[in-house]
Structure formats: C-alpha cells, structure tokens
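Colleague: sharing a model prediction with you, sequence too.
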Amino acid sequence: MQLKHMKTLLTPQDGAAKITALAWAPNNTKLAVCTVERVILLYDEHGERRDKFSTKPIDSKYGKKSYTVKALAFSPDSTKIAVGQTDNIIYVYKIGDDWESKKVICNKFVQQSAVTCLIWPPDQNIVFGLADGKVRQANSKTNKSSTIYGTDSYVVSLAQNNSGKGILSGHADGSIVRYFFDDEGSGDSQGKICVHTCPPYALCWASNSVVAAGCDKKILVYGREGRLTQQFDFSKDVDEHEFTVAVNSPSGQSVVVGSYNRLRVFNWAPRRGMWEEAKMKEILNLYTITALAWKKDGSRLTAGTLCGGVELFDCCLRRSIYKNKFEMTYVGLSQVIVKNLSTGTRVVLKSHYGYEIDEVRILGHDRYIVAHTTDTILLGDLSSNKLSEVPWQNTGGNEKFFFENEHVCMIFNAGELSLVEYGNNEILGCVRTEFTNPHLISVRLNERKQMGVEDNKKMAYLVDLKTIAIMDLIMGFNVGSFTHDSRVDWLELNETASKLLFRDKRLRLHLFNIDTQIKTTILNYCSYVQWVPQSDVVVAQNRDTLCVWYNIDHPEKVTMFPIKGDIVDLERADGTTDVIVKEGVTTISYTLDEGLIEFGTAIDDGDFSRAVAFLETLEMSSETEAMWKTLSKLSLENKQLHIAERCYAALGDVAKAKFLHNINKLAAEMAEEVGGDGTNYYVVRAKLAVLNKDFKEAETVYLEQVSLISSLFWEHEALY
C-alpha cells in the first residue's frame, strides 16, 4: 500500500498547536478533528469543513483551559461523538445525520480519574482507559459506566480488533492487556499477553498480530499469544524520533506508524506470513504526528500534527477502470472499493477471511459483482449493497453465473448447481444437475409474507429430462419429486413455493400442488404462461385465447378472453395489472381484475393488513361490501380484532364496531397489566363468544374461571 498526499485540511501554525484527536465516522461521511483550543471541527468525506462546535469542562468554574481532549470516537450509527477529557469526564454529543442538526450533549460519564484514551467498537459500549489504570465501559442507553478490568499502571493506548469484539490496552509500565467481549471461537487467552520494551503509545491490533511502538524507536510485532515474531529497529537512525501513534487499516492488512516528519507503512504479506515495510512517507517540516485516523472504507488516511496541521492521504495499492463504467480501487490485498462513475455510489468489497482478492468483475447488466480469492468467492448486488463471501475451491474460472433471480446467484460448475443468497456468507444449497437453463430452475426466498410461516426457501429443478425435484433449502431435503411422461421445457414456483407450474414439449401446462403432491393438467397448446407478481394468479395463452386463473386452487374455473396476437409481457404497477399483447404492428393491453388479484392473494396468505389497505382504496359498492364482510369474518376467526373493528366500521355496523372497540381496549389493558396476549383473558374470550352468538361457549368460559378461583381458594384454605 502506498500513501499519496491529497490535500491539507487544516493549515499548521508557527508554534505548537497540537491536534489532540481525529476520528472518521463508520458511514465514511464525516471526519472529526479536535484542535488545541478544544474545538471539534467536522469535515465531509471530500475534506471540506462543514461545521464546528466547542467542548466544555466538567464544571464551568474551572475555566475553558482546565482540561485537554484526549480522544474522539463516533458511535456505530455515526450520529454521536464521544469526547474523552482529562478533567475526569466523557461527554457524548448528538450531531445527527445531516449538517443542519443541532449539536447537543446526550450523555455525561463522570469518572474518578482522567480519561486518557477512548474507542467505540461496533455493537459495543464506549471503552475508555483512565490514568489510574482502569479500563471501563460506558453505556449510552442507560447512562451508566462500569469497570471491565483494572491495573496499577496508567493506560496510554487502546486498540480493537477488526470485528470490534476484542480490545487491547497499553500501559505505562509496558504491559499490553487483552480482553474479549466475544472471542468468536478463537480460544485466545485474556489478560496480560506481553510486556513491551517501553510504554506502547503506538498500539494497534491488525490481522492476527499486535503491533506496538514507543520512545525506543523500535516497532515490535507480537503473535496471538504475545510472543515476539518480528522487530523493526530504527534506533540507529539518527533522523528518527520516538513513535507517537499507530493505526491499522480497516482490513487489518496495513499499519501506519507516525513519528517526527515520517509515516512508516507496513503491509501484511499473507503468502509469506509476515509484515513487510513499504516505502516510508517523509514530509519535511511536518513535525511530530500526534493523531492518525483511517477512513472506514480504507481509502483515506488522516494525520494530525504537533503544529496544528491536518493532512489527508490517499491509500491504495492500485486503481483500474472497468468497462469505462466503474473504478476499482484496491486499498488492500483483501479490500476493493468499487465506484460507479455515473452515479458516484460506492461499494466496499472485503474478504472477511483476509484472503487476497485476485480479480473483480461486474456482470448481470452491470448490477452484480463477482470476485475470487484463493479459497472463497465474493458475490454482491450493487443496487441493494448486499455482499456475500462463501468458501469456494479454485476451479480455474470455469464457473457459469446466472443472475435472473434478484435474491440469489446461481453458479454452475462441473455438473453441480450452487445457490448463494446475497448478504449470506454460507452456500444456500447445492444439487447435482446437468440442466443450466435458468428457465428450468426456480428459486423462491421469502418473497411473500404468509401467516404462520417465518422462513420459506425452496427450489424446483430438473434431475433429468422428465423428472422434477422440489427442495427445501432450509432443511436441505426434497419435499417433492415426480416423473412426467414428456420432456419438461419450463417450470416456475409461485411466490409462496406451495405450487409449481410446468410446461412440457407438447405445450401442455401442468400444475403440481406441493402440499397434496397432486398433478393436474390445466391447459393444452400453451405458448405463454406466467405467475402474476405478488399473487397466485396465473396468466396463459392458448392459441387465440387469453386464460386467467384468479383462484389456482380451482383450476377448472378459468376466465377467458379472445385475442388476435401473442402475449409478450405482463406488467403490474400502480395498482393495475396489464397483459401486453402484440397484434401485428400494434400493442394492446388487457387489464385484469385487480380486486380479485390483490384481495384474493391477501386472504390466501392470511395477510389481513394488506387486504384492509387494498379495500380502503376502493369506493363502496356491492362487490366491495362483500369483500369487507368476508374479511370481517376471517379476522374474527383469527382473533385479529383491530382489523375486525375496522371492517365493521367500514360496513356501517356501529354496534359491532363499538363492541369490538371496547374488547380491544380491555385486551390492551390486560396485556399491559398481566402481560402476554390480552385476547386470552377470559372476559375477552367470553365477549367474543357472545358476539358470535355462541352463548354456550361464553357460559363455559365463565364457569371455568369460577371453578379455577374456587379451587385456588380451597387450596389456600388447606395450606393455611
């Protein structure tokens, strides 16, 4: 990795005006700089100053010069800044998402000793070191702080590992202490792991190494158990001064150590298993480096100096332009920033295992990203920013990638089909098949909400020319398999993966119900077929007839329209569904009954909220009234009482709407008072039985409650 000076963010002064702290926001949009005047300057990602605010002492009676800011850290969501001060306090300022937000103090953590260093790991509390040797944590939600561990030596530095689940503290007596919030199965020990030759003011935890340096002009590298593995000795260099600060790249594969006029760069060589020194960056009259901060995407390094200067450096191994549309910036061996030149959007592609990324390709209409390492493959969707890294043996680049499904990537290699869900770092499923046509494979991953179904991931594929198998990708076994009498040329699951449509070479369209394992022929001479998006409605063409199944559970009930051309597409947008038919040189659209599509699908899925949302867009008519009545009955049966109340209000049945309103109010009160589901309260159940005119059930509910109270009374009498 090389450092290239980009710009000076803050001009240095003639005398000492130390930059005491620097911090980049995790979302890469803000840089915070604390000056010697205890003022925090905020810069945007391009290095332009956008805002500033002053810090304050623990008590105004001590004056504004009674303290020094020792450290800054952004919250994981980038909306807050923690400020550690020597007057025994940490302030947390809420700065908001945009530059216009007002800066307010949202937390104060008063300590017994001066705060000397501070970090804010992702998904953790604020971690800070004190002059009395304690390492503590502060919870910004409860506004309380507690001690993690204590030592007898001043804490000079803190560092975290790449995941933020482990921390290191360096102390004035040279000791380096390790602590894990979660060791992630590494089995590494906690406690003092080594004693450095001097106070390790420059300390960082990069990859599997601990890099420490200080006033003796030596940079030492310690292994996972604290053993010395490498040493870089600059004590004989008369132009070298003490090392003051160190920082590692977000990937953990580069380390920069600051001293007088110099930034020394070290890169991890995975093939050699050791650290290598790169070309040193020397800038005359820069003076001592007092603070360093690395941008979270790895593309920028910021350095603060003793004279009050702030310098911005570009960090990269190499850059390349891909298809004249994307810029690839290799900021480390295992990290690449992909920038869309037309939109300016960026995606950070990173190997979580630290493997070197060999090549990066953009495929699938410039939407999907593919990259290889020695032992893994990286995949991602640039539009949703979902990235995956899965184990993958090097096969010489013979894989074929298919991106027809926006939720999953299909990889064919040597007669094997592998599925990788974007955002998931495990292979979703793997089967043997020789049929690589995407029209012969259908994958559905939680594409439509169903009542009582949390996770629904299934795939249908061809085992051979005439055999179809349906696989549950969560459980990893087949839920259905059957052999057809003719060659299959197209298949597709519905969005809930409960039904399968397939067509054979004789142009016969068949429906297979996965739950009942029943196969039905529903159409002959089928030249076009498609599921309507977000529904279980089927549209197909039979010669000069457009066929629509609004209820596929009853395939004999089909609606037909005569047409003179061929169906070319199916469009669903803005509450309408149109079948596009090309008749000669003209294009005609046939609009389907949206009420039957939307309402029927919502009822089938048990998604009553969706049904209400649809009915509220319609004017009251006899058809709409019938739908409201159907929904009211079903919502009552499923104890969705708020929806039932809305239905009766729409129907104008004030009595039932008022009655249900009172029941909902009672259920809510009992849920708050007792906990659990308020609809299980005996009075609620009895009132619902009365509403349904089931007076016998209401009587039974009350008698059961009386019997229970009576038995409890006699138990109490027997005991006392």
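Modeller: Here it is on my side, so go on.
Colleague: centre of the chain to stretch 10-27, how far?
Modeller: From the chain centre to the centre of stretch 10-27 is a distance of 32 Å (C-alpha atoms, centre = their mean, to the nearest Å).
Colleague: now the helix or strand hosting Y149: average pLDDT?
Modeller: Counting by DSSP states H and E, the element that carries Y149 is strand 144-150. Mean per-residue pLDDT for strand 144-150: 93.
Colleague: and it, what other elements does it pack with?
Modeller: On a contact count with 3 or more C-beta pairs under 8 Å, 6 or more residues apart in numbering; DSSP states H and E, strand 144-150 meets strand 134-139, strand 175-180. For the C-beta atoms, the positions are set from N, CA and C on the backbone; glycine is no exception.
Colleague: distance-wise, check V69 relative to S101.
Modeller: 21 Å (C-beta to C-beta, to the nearest Å).
Colleague: same drill for these two, tell me which one is more crowded.
Modeller: Just comparing V69 and S101: by other C-beta atoms under 10 Å the higher neighbour count belongs to V69, 23 against 12.
Colleague: that one and R38 touch, don't they?
Modeller: Yes - at 5.6 Å, V69 and R38 qualify as touching, with contact defined as C-beta atoms under 8 Å.
Colleague: what touches both of those two?
Modeller: Shared contacts of V69 and R38 (C-beta atoms under 8 Å, 6 or more residues apart in numbering): T55.
Colleague: can you tell me the helix or strand for A668?
Modeller: Assigned by DSSP H and E, A668 falls within helix 654-673.
Colleague: show me what that helix is in contact with.
Modeller: So helix 654-673 is contacted by 641-642, 644-645, 648-649, 677-679, 681, 683-684, 687-688, 691 (C-beta under 8 Å, 6+ apart).
Colleague: how about stretch 598-606?
Modeller: 448-452, 496, 534-537, 550-551, 575, 608, 610-611, 614-615, 627, 630-631, 634, 638.
Colleague: tell me which residues of stretch 76-91 are tucked away?
Modeller: 76, 78-91 (16 or more other C-beta atoms under 10 Å).
Colleague: same question, stretch 650-669
Modeller: 650-651, 653, 656-657, 659-660, 663-664, 666-667.
Colleague: between those residues, which sits nearest S145?
Modeller: Lowest distance from S145 to these (C-beta to C-beta) belongs to A667, with 40.9 Å.
Colleague: poorly predicted segments of the protein, please.
Modeller: The chain contains residues with pLDDT under 70 at 451, 623, 706-720.
Colleague: mind listing the helices for it?
Modeller: 594-605, 608-615, 622-637, 641-651, 654-673, 682-691, 695-719 (DSSP state H).
Colleague: how about those helices, which one is nearest F243?
Modeller: It is, among the helices of the chain and with distance given as C-beta to C-beta, helix 654-673, at 59.3 Å.
Colleague: returning to that earlier point: return the members of the contacts of stretch 598-606 classed as buried.
Modeller: Neighbour counting with 16+ other C-beta under 10 Å marks 448, 450, 496, 534-537, 550, 608, 610-611, 614-615, 627, 631, 634 as buried within those.
Colleague: let me know how buried R487 is, in neighbour terms.
Modeller: Neighbours of R487 (other C-beta under 10 Å): 12.
Colleague: let me see the contact set for it.
Modeller: Applying C-beta under 8 Å, 6+ apart to R487 gives the contacts 465-466, 504-505.
Colleague: T520 too?
Modeller: Residues near T520 by C-beta under 8 Å, 6+ apart: 510-513, 555.
Colleague: if we use 10 Å, what do you get?
Modeller: Contacts for T520 (C-beta atoms under 10 Å, 6 or more residues apart in numbering) come out as 509-513, 552, 555-556.
Colleague: what two of those residues are the furthest from one another?
Modeller: Counting by C-beta to C-beta, the most remote pair of these is F512 and E556, 16.3 Å apart.
Colleague: compare neighbour counts for the two and give me the winner.
Modeller: Between F512 and E556, counted using other C-beta under 10 Å, the more crowded position is F512 (21 against 7).
Colleague: can I get stretch 127-141 in PDB, CA atoms only?
Modeller: Written as PDB, here are the backbone C-alpha positions of stretch 127-141 (Å, rounded to 0.1, in the frame of the first residue of the first chain):
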ATOM      1  CA  VAL A 127     -14.500   1.700  26.000                       C
ATOM      2  CA  PHE A 128     -12.000   4.000  27.700                       C
ATOM      3  CA  GLY A 129      -8.800   4.000  29.700                       C
ATOM      4  CA  LEU A 130      -8.100   6.100  32.800                       C
ATOM      5  CA  ALA A 131      -4.900   7.500  34.400                       C
ATOM      6  CA  ASP A 132      -5.500   5.200  37.400                       C
ATOM      7  CA  GLY A 133      -5.000   2.100  35.200                       C
ATOM      8  CA  LYS A 134      -8.600   1.100  34.900                       C
ATOM      9  CA  VAL A 135     -10.300   0.200  31.600                       C
ATOM     10  CA  ARG A 136     -14.000   0.900  31.800                       C
ATOM     11  CA  GLN A 137     -17.100   0.900  29.600                       C
ATOM     12  CA  ALA A 138     -19.900   3.400  29.300                       C
ATOM     13  CA  ASN A 139     -23.400   2.600  28.100                       C
ATOM     14  CA  SER A 140     -25.000   5.500  26.300                       C
ATOM     15  CA  LYS A 141     -28.500   4.000  26.600                       C
END
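Colleague: from L387, how far off is G191?
Modeller: G191 sits 36 Å away from L387, going by C-beta to C-beta.
Colleague: which of these two has more neighbours?
Modeller: L387 (21 against 10).
Colleague: I369 is in contact with that one, correct?
Modeller: Yes - counting by C-beta atoms under 10 Å, L387 does reach I369; the two are 7.8 Å apart.
Colleague: give the intersection of the neighbour lists for those two.
Modeller: The contact sets of L387 and I369 overlap at 347, 349, 378-381 (C-beta under 10 Å, 6+ apart).
Colleague: what about these, which are in strands?
Modeller: Among the shared contacts of L387 and I369, the members falling in strands are 347, 349, 378-381 (criterion: DSSP state E).
Colleague: give me the beta-bridge partners of I176?
Modeller: Listed by DSSP bridges, the beta-bridge partners for I176 are G170, C194.
Colleague: list the contacts for it?
Modeller: So I176 contacts 157, 159, 168-170, 192-196, 200, 203, 205, 210, 212, 222, 226 (C-beta under 10 Å, 6+ apart).
Colleague: now with 7 Å?
Modeller: 168, 170, 193-194, 196, 200, 210, 212 (C-beta atoms under 7 Å, 6 or more residues apart in numbering).
Colleague: return the member of the residues you listed nearest to T244.
Modeller: Set against T244, the nearest of those by C-beta to C-beta is P200 (11.2 Å).
Colleague: could you verify my assumption that the closest one touches A159?
Modeller: No - counting by C-beta atoms under 7 Å, P200 does not reach A159; the two are 9.3 Å apart.
Colleague: out of those two, which sits in the busier spot?
Modeller: P200 (30 against 25).
Colleague: name the residues linked to F402 by a beta bridge.
Modeller: On the basis of DSSP bridges, F402 takes part in beta bridges with M410.
Colleague: how much space separates it from V408?
Modeller: Per C-beta to C-beta, F402 is found 10 Å from V408.
Colleague: those two: who's more crowded?
Modeller: Taking neighbours as other C-beta under 10 Å, F402 and V408 compare with V408 leading, 25 against 17.
Colleague: show me what contacts that one?
Modeller: Contacts of V408 by C-beta under 7 Å, 6+ apart are 419-421, 428, 443, 445.
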